[in-house]
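Chemist: Please find the sequence and the predicted model below.
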There are 2 protein chains.
Amino acid sequence: LILGLSIAGGSVFAQTLTLPQNLIPLNSAEGEILLIGSQARKDYLPLSIHFVTQKNQAYCGVASMVMVLNALGIPAPEAPEYSPFNMFTQDNFFNNEKTTNVVSADVVSKKGMTLDQLGGLMESKDVKVKVYHAADTNLSEFRQLIADNLKQPGNFVLVNYLRKAIGQETGGHISPIAAYNKQTDRFLILDVSRYKYPPVWVKAEELWQAIATVDSDGGKTRGFVLVSRD
Amino acid sequence: LILGLSIAGGSVFAQTLTLPQNLIPLNSAEGEILLIGSQARKDYLPLSIHFVTQKNQAYCGVASMVMVLNALGIPAPEAPEYSPFNMFTQDNFFNNEKTTNVVSADVVSKKGMTLDQLGGLMESKDVKVKVYHAADTNLSEFRQLIADNLKQPGNFVLVNYLRKAIGQETGGHISPIAAYNKQTDRFLILDVSRYKYPPVWVKAEELWQAIATVDSDGGKTRGFVLVSRD
Ligand SMILES: [Ca+2]
Ligand SMILES: [Ca+2]
Ligand SMILES: [Ca+2]
Ligand SMILES: [Ca+2]
C-alpha cells in the first residue's frame, strides 16, 4: 500500500490514499461544481446526513445498508447507547433472526458479503429490494436505472464493485451512490471506508467495468441493488 | 421526551424528535435551497464527508472535534480497526497524555465538557484555537467572526449552546457549524446527535441567545471555538 498526500482540486487529504487522475474527489472545487450542477441528487442529502465509516474492514456492506435504512427513515431498532432513541447502527444491524438467517455478523466480519447476500440482508429489513448482477444487464440500462433512481426521493442505490477497476486499492467493495452528473456522465460514490478514500465522482463506464467483474466468493458478477420502502 | 414523526419540507424523519417551526432541517427542500444559496459554505463539504454520530450521549464535544480534525486533514493517530490507515476517531481521541491532562475520557463520558475544556482538548491536538465566551463578545461580532470563517477553507467553528433556547430538547450541546446563509441570517449546525435531530438552519440571533446562557459546570457563559492549523 502506498500511503500518500493526495492533492486534488486544491484539497489535501493527508490521511487517505492518493486518488488516480480519473476520479474527482467530492471535497474539491471540481467535485463541488459537479454536485451543484447535478440534476439527479435527490439521494445526496438524506445519505450524507447519515454518512458513516465502516466499523471494520469487512463491514462496507453493513455500513452502506445502515446509511440507506436511516435515510429511508423506516422504524429503527433500539440503540442502547442512545436510549430512548432508535437508530440503525452497525452494532444493532444483526440484532434479529431474520437478518442473521441470511448470513451472520461473524461470517460478514471475516469475509465481507457477496451481492446476493447484500440483497438478502437488505430484504430482511422489510424494504423492497431489486438485485442486478452485471451479467444480467448492460452499461446503458445500468446508467439509466441508477440515474432515474437518483432523481427520486425515497429510494436508494447500493453498488458492489472492484476497486482495482477504477484505479483504487484494490478488492471488492460496497457503498451507496448519491448523485449523477449528466454532463460529465459521472456517479458520486459515498465511499464508506472514509479512512481510505474520500467520496469520488467516477465515470459511469468505469464504474460499469468495475461491476462487470466476477466475485470469487459465489462466482457471479458484481452489480447493484435498488432499495425502496416496501 | 416526546418522540414524534417530524414532517418538514417534504422530508420525514421517523427516528428523530419533532423540530420546532423556527428550525429548518437541511434535509428538506428549503434546507437544500439555503445551502445552494449560501456564499459561506467552504466548511460544509470537508465537515459533511467526516460527519459522525456522537458515540454516547455525553460525547458531543469529542465527536465534533473528531470531525474538525479529520476535516483539517492533520496527521491522525492509528485506528487499530483500520490498520494500516490512520484516522481520528472517538475511540482514539484520548490516546495521548497531552489530551488526557486536560480532562479524561472517563470524566467526559459522565459529564460532557465545558467550553473551556473544549478549547483545551482541541489545543492538545496541536491546532490553533481561539475560545469565545458569549459574555466577552456580542451578537454582531459573533455573526461576523463565524460567517467570515465559513467563507475560508482550512479553519472551522465549534459551537456550544443550550438546546432549549432554540426550541430543542433540552440541555447544553456542542456541534460544528458548516455554513451561513446571509439572506435568511441563518447558520447550519451539523448536529452530532444524529439519533435525535437532523442538521438544522437556525437564525443567528436565536443561536446567539442559546450561547448567551450560563453553563452550571464552571459558571461561565457558553460560546464558540475557532480552530485552524497551527
Ligand atoms: Ca469478498
Ligand atoms: Ca433515489
Ligand atoms: Ca454540562
Ligand atoms: Ca472555515
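Modeler: In hand now; what should we look at? Ligands and ions are numbered 1, 2, ... in the order given.
Chemist: Is the residue positioned nearest the centre of chain A bridged to anything, and to what?
Modeler: By C-alpha atoms, centre = their mean, chain A has its centre lying nearest to residue A:175, at 1.4 Å. Bridge pairing for residue A:175 (DSSP bridges) gives the partners residue A:159.
Chemist: Helices of chain A, residue ranges please.
Modeler: A:29-36, A:44-48, A:60-72, A:97-100, A:105-111, A:115-123, A:139-150, A:204-211 (DSSP state H).
Chemist: model confidence over the last one, on average?
Modeler: The one in question is helix A:204-211. When pLDDT is averaged along helix A:204-211, the result is 98.
Chemist: any residues touching that helix, and which ones?
Modeler: A:22, A:134, A:139, A:142-143, A:159-166, A:180, A:185-187, A:189, A:221-224 (C-beta atoms under 8 Å, 6 or more residues apart in numbering or on different chains). Where you see a C-beta, it was placed from the backbone N, CA and C, and this is true even at glycine.
Chemist: are any of the residues you listed buried, and which?
Modeler: For the contacts of helix A:204-211, a burial check counting by 16 or more other C-beta atoms under 10 Å in any protein chain shown picks out A:134, A:142-143, A:159-163, A:165-166, A:180, A:186-187, A:189, A:221-224.
Chemist: Keep only those that also lie close to ligand 2.
Modeler: Among these, no residue lies close to ligand 2 (C-beta under 5 Å from the ion).
Chemist: Show me the residues you listed that map onto strands.
Modeler: Among the buried ones among the contacts of helix A:204-211, the residues falling in strands (DSSP state E) are A:159-162, A:180, A:186-187, A:189, A:223-224.
Chemist: quick one: which of those is nearest to ligand 3?
Modeler: residue A:189 (39.0 Å; C-beta to the ion).
Chemist: what's the closest non-adjacent residue to the closest one?
Modeler: Counting by C-beta to C-beta, 6 or more residues apart in numbering or on different chains, residue A:189 lies nearest to residue A:175, which is 5.1 Å off, once chain neighbours are set aside.
Chemist: Quickly note the distance from that neighbour to residue B:131.
Modeler: Counting by C-beta to C-beta, to the nearest Å, the gap from residue A:175 to residue B:131 is 38 Å.
Chemist: you'd agree residue A:36 is up against residue B:37?
Modeler: No: contact criterion C-beta atoms under 8 Å: residue A:36 and residue B:37 do not qualify, at 10.8 Å.
Chemist: Report the contact partners of residue A:126.
Modeler: A:74, A:230.
Chemist: What values do phi and psi take at it?
Modeler: Phi and psi for residue A:126, reported as degrees, to the nearest 10, are phi 60, psi 40.
Chemist: One more: residue A:54?
Modeler: phi -60, psi 140.
Chemist: Check it and give its pLDDT.
Modeler: For residue A:54, the model assigns a pLDDT of 98.
Chemist: Now distance to residue B:93 too, for the helices of chain A, in CSV please.
Modeler: Output for the helices of chain A, formatted as CSV (distance: least, C-beta to C-beta, whole Å):
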stretch, distance to residue B:93
helix A:29-36, 28
helix A:44-48, 23
helix A:60-72, 20
helix A:97-100, 31
helix A:105-111, 24
helix A:115-123, 31
helix A:139-150, 35
helix A:204-211, 35
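Chemist: Could you export those helices as CSV, including distance to ligand 4?
Modeler: Converted to CSV, the helices of chain A look like this (distance: least, C-beta to the ion, whole Å):
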stretch, distance to ligand 4
helix A:29-36, 14
helix A:44-48, 18
helix A:60-72, 26
helix A:97-100, 41
helix A:105-111, 38
helix A:115-123, 38
helix A:139-150, 29
helix A:204-211, 32
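Chemist: Identify whichever of those lies nearest to ligand 3.
Modeler: Nearest to ligand 3, of all the helices of chain A, is helix A:60-72, at 27.4 Å by C-beta to the ion.
Chemist: hmm, the closest one in reach of chain B?
Modeler: Yes: against chain B, helix A:60-72 shows contacts by C-beta under 8 Å from any C-beta of the partner chain at residue A:70.
Chemist: got the angle for that helix vs helix A:115-123?
Modeler: Here the directions of helix A:60-72 and helix A:115-123 differ by 30 degrees (axes from the mean of the first three to the mean of the last three C-alpha atoms, to 10 degrees).
Chemist: Any idea which helix or strand in chain A has the lowest mean pLDDT?
Modeler: Taking mean pLDDT, DSSP states H and E as the measure, strand A:6-8 is the helix or strand of chain A with the lowest mean score, a mean of 43.
Chemist: Isn't the residue nearest to the centre of chain A up against residue A:192?
Modeler: Yes: look at residue A:175 against residue A:192 with C-beta under 8 Å: they come within range, at 5.1 Å.
Chemist: Flag every residue of chain A that's near ligand 1.
Modeler: A:112, A:172, A:217.
Chemist: buried subset of the residues you listed?
Modeler: A:112, A:172.
Chemist: The nearest residue to residue A:220 once chain neighbours are set aside: what's it in contact with?
Modeler: Excluding the flanking residues, the one nearest residue A:220 by C-beta to C-beta, 6+ apart is residue A:133, at 5.6 Å. Counting by C-beta under 8 Å, 6+ apart, residue A:133 makes contact with A:115, A:220-223.
Chemist: switch to 7 Å and redo it
Modeler: A:115, A:220-221, A:223 (C-beta atoms under 7 Å, 6 or more residues apart in numbering or on different chains).
Chemist: Just the closest of those to residue A:68, please.
Modeler: Nearest to residue A:68 among those is residue A:115, at 14.9 Å by C-beta to C-beta.
Chemist: Just give me the neighbour total for the closest one.
Modeler: Neighbourhood size, residue A:115 [other C-beta atoms under 10 Å in any protein chain shown]: 28.
Chemist: distance of the closest residue to it other than its chain neighbours from residue B:214?
Modeler: Of all residues not flanking residue A:115 in the chain, residue A:160 sits nearest, at 4.6 Å (C-beta to C-beta, 6+ apart). Distance, residue A:160 to residue B:214, using C-beta to C-beta: 52 Å.
Chemist: sorry, back to before: can I get the contacts of residue A:133 in TSV including pLDDT?
Modeler: Converted to TSV, those look like this (pLDDT from 0 to 100):
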residue	pLDDT
A:115	98
A:220	98
A:221	98
A:223	98
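Chemist: count of residues packed around the residue nearest to residue A:57 when sequence neighbours are not counted?
Modeler: Distance criterion C-beta to C-beta, 6+ apart; nearest residue to residue A:57, sequence neighbours excluded, is residue B:82 at 6.8 Å. Residue neighbour count, defined by other C-beta under 10 Å, stands at 21 for residue B:82.
Chemist: Relative to its centre, which residue of chain A is most distant?
Modeler: In chain A, the residue most distant from the centre (C-alpha atoms, centre = their mean) is residue A:84, at 28.9 Å.
Chemist: hmm, back to that, how about the contacts made by the residue nearest to residue A:115?
Modeler: A:115, A:118, A:172, A:174, A:211, A:222-224.
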